[in-house]
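Chemist: One predicted model, sequence on top.
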Amino acid sequence: MIIEIKRSGPLLGRVRLPGDKSISHRALLFASFARGNSVIENILDANTTRHMVDVLVNLGVPIKIFTNSEGSPTAKITGCPLLEYNRPKITVDCKRSATTMRFFMGALAAVPSDVYLIGDNVLNQRPMERVALPLRLMGATVETTNGHAPVYMRGGQLNGIDYRMPVSSGQLQTALLLAALNASSNSTISYEGTIRDHSVRLLRAQGANIESIPGQIFVRPSTLNPLNVSIPGDMSSASFLIAAAILVPESDITIERVNLNPGRIGLLNAVSEMGASISIEDQYNIAGEPCGDIRVRHSKLRGIELSSDQVLTMIDEIPIFAVLSLAAHGTTTVRDAAELRVKDTDRIDSIITSLSPFSAKITPRNDGFSVVGPQKLAGCVVKSEKDHRIEMSMIVAALVANGSTQILDAGEYKESFPSFLEILNQHGATLQCRV
Ligand code: S3P
């Protein structure tokens, strides 16, 4: 598919986004292992969550996906505690989704079956040893392929664990929480910095005995009650619209119902610090998560240096932050972001490869990059990268580049935000797709 993008007119109006990817994955999985019927509204209907649903259906979980009376994708799930699935052999094909693989490693660690977790070539590059190691310490047999997928596991009775996570990762934390709920004794999980805590919030709402203080979570073995939630909009998807509105002159948009979990709002804080006109118009709770309507207007930006905690709370937003930094006056520096090298692609390399054709000059570092701006971008013909967040960042760059742009071999955006192009077109941009 080829996406043709013209320099954009002002982006205006109110936008409502699909459900959050991280919360959708968790809600689908946790509801499947709770005894009884759960209803989850506004789930993200995208490639990544479809993979999760496929895996659950293959495991035998009864799941019905339909559009509810308000037009939102909804899942009805009849869950059953995992230990009762009782299969000698389980194969989990996670396709591209590292979230699915890491969550299932934790969830299946207590199951006495031969478990094979497989995925595509992109997923086979992602680190899995960070999850395998603590699960072994809890008593599971876990074999990775040189630290990566495919992964073989044989679970069984797990001991509780007192574990300090060596990487501040929401996925690792979730895998450990799921294993700890099925262990025979209590666990303590410690971590550095601010991590998205969607799992703690959802599992507690399902009756799990979990307590937390900053940097530590205490888990007692527990069973889960069903879940009835509506999922808020995705901050990571919102970030592309926020960036587009900041960059395109005369834009003024309001994005409704966005999740404002403290572990996810690094980009909002960073652009405020850079001088963007951005405000939270209304604040409320959805599914036990802080949420709000974000109003953002075209603004001039100044360069900043991101702190390591800021990086952690906007790790998925660094590619679009790179596009914003090109418009900022002065120097912008990203450090302590080496984790970007093990995302869907090596995102430090991909940021540079994907934005250089627009004439962007970005200086790479081992753990980040720096940019001196403002820089004028030029429309171009460029090949997409196998990475949804890199592709959406290229699309936003094209909205403000001089002339028009063609992105070849495109379509990755459907991984997490299938309505992205439609939303941009509805609010003032001009994008066309050709096969
Ligand atoms: C996620 C956590 C982050 C993020 C990913 C989703 C989650 O990954 O990059 O897109 O849902 O917990 P890490 O846990 O590897 O940092």
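Modeler: Thanks, I have the structure now.
Chemist: I'd like to check which residues are in contact with Asp282.
Modeler: Counting by CB atoms under 8 Å, 6 or more residues apart in numbering, Asp282 makes contact with Gly292, Asp293. Every residue, glycine included, has its C-beta placed from N, CA and C.
Chemist: where does the stretch 1-150 of the chain come near the ligand, residue by residue?
Modeler: Residues of the stretch 1-150 of the chain lying close to the ligand by CB under 6 Å from any ligand atom are Ser22, Thr99.
Chemist: How about the stretch 1-150 of the chain: which residue is closest to the ligand?
Modeler: At 3.3 Å from the ligand, Ser22 is the closest residue in the stretch 1-150 of the chain, using CB to the nearest ligand atom.
Chemist: Ala110 looks like it's in a helix, true?
Modeler: No: applying DSSP: H, G, I helix; E, B strand; the rest coil, one finds Ala110 to be coil, outside a helix.
Chemist: quick one: contacts for it?
Modeler: Contact analysis of Ala110 by CB under 8 Å, 6+ apart lists Leu82, Leu83, Ala140, Gly155, Gly156, Gln157, Leu158, Ala179, Asn182, Ala183.
Chemist: which ones among these are found in helices?
Modeler: Ala179 (DSSP state H).
Chemist: what's around the residue of the stretch 1-150 of the chain closest to the ligand, how many residues?
Modeler: 25 (other CB atoms under 10 Å).
Chemist: Quick one: residues contacting it.
Modeler: With CB under 8 Å, 6+ apart, Ser22 has these contacts: Thr99, Gly170, Arg196, His198, Asp234, Arg264.
Chemist: Now secondary structure and neighbour count too, for those residues, in a markdown table please.
Modeler: Shown next, in a markdown table, are the contacts of Ser22 (DSSP: H, G, I helix; E, B strand; the rest coil; neighbours: other CB atoms under 10 Å):
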| residue | secondary structure | neighbour count |
| --- | --- | --- |
| Thr99 | helix | 23 |
| Gly170 | helix | 22 |
| Arg196 | coil | 27 |
| His198 | helix | 26 |
| Asp234 | coil | 24 |
| Arg264 | coil | 30 |
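Chemist: what's the closest of these to the ligand?
Modeler: Nearest to the ligand among those, with distances taken as CB to the nearest ligand atom, is Gly170, at 2.9 Å.
Chemist: Can you tell me, leaving aside adjacent residues, what's nearest to the closest one?
Modeler: Arg196 (4.3 Å; CB to CB, 6 or more residues apart in numbering).
Chemist: what about the helices in the chain?
Modeler: Going by DSSP H, the chain shows helices at 21-32, 47-59, 98-108, 129-138, 170-181, 198-205, 235-247, 266-273, 308-312, 318-327, 347-355, 388-400, 420-426.
Chemist: what's the closest of the contacts of Ala110 to the ligand?
Modeler: Ala179 (15.3 Å).
Chemist: Can you report how many residues lie near that closest one?
Modeler: 28.
Chemist: just checking, Ser354 touches Met392?
Modeler: No: judged on CB atoms under 8 Å, Ser354 makes no contact with Met392 at a distance of 10.5 Å.
Chemist: gap between stretch 424-433 and the chain center?
Modeler: 24 Å (CA atoms, centre = their mean, to the nearest Å).
Chemist: What residues sit buried inside it?
Modeler: Leu424, His427, Gly428, Ala429, Leu431 (16 or more other CB atoms under 10 Å).
Chemist: Residues contacting that stretch, please?
Modeler: Against stretch 424-433 from outside (CB under 8 Å, 6+ apart): 1-6, 8-13, 15, 241, 244, 248, 251, 253, 395, 399, 410, 421.
Chemist: can we see that at 6 Å?
Modeler: 1, 3-6, 8-13, 399, 421 (CB atoms under 6 Å, 6 or more residues apart in numbering).
Chemist: List only buried entries from those residues.
Modeler: Buried among the contacts of stretch 424-433 (16+ other CB under 10 Å): Ile3, Glu4, Ile5, Lys6, Ser8, Pro10, Leu11, Leu399, Leu421.
Chemist: Who are the contact partners of the fourth one?
Modeler: Translated: Lys6. Counted by CB under 6 Å, 6+ apart, Lys6 has contacts Ser404, Thr430.
Chemist: now swap in the first one and tell me
Modeler: Counting by CB under 6 Å, 6+ apart, Ile3 touches Ile407, Ala410, Cys433.
Chemist: if you set the cut-off to 7 Å instead, what comes out?
Modeler: Listed by CB atoms under 7 Å, 6 or more residues apart in numbering, the contact set of Ile3 reads Ile395, Ile407, Ala410, Leu421, Leu431, Cys433.
Chemist: Tell me the spacing between the fourth one and Ile320.
Modeler: Remark: distance between Leu421 and Ile320 (CB to CB, to the nearest Å) = 16 Å.
Chemist: just the third one next, same as before
Modeler: Between Ala410 and Ile320 the computed distance is 16 Å (CB to CB).
Chemist: between the two, who's got more neighbours?
Modeler: A direct count of neighbours by other CB under 10 Å for Ala410 and Ile320 places Ile320 higher, at 26 against 22.
Chemist: Run a quick check on that one versus Val396, I expect a contact.
Modeler: Yes: counting by CB atoms under 7 Å, Ile320 does reach Val396; the two are 6.3 Å apart.
Chemist: tell me, what's touching those two both at once?
Modeler: Shared contacts of Ile320 and Val396 (CB under 7 Å, 6+ apart): Phe240, Ala243.
Chemist: how much space between Gln432 and the ligand?
Modeler: Distance, Gln432 to the ligand, using CB to the nearest ligand atom, to the nearest Å: 29 Å.
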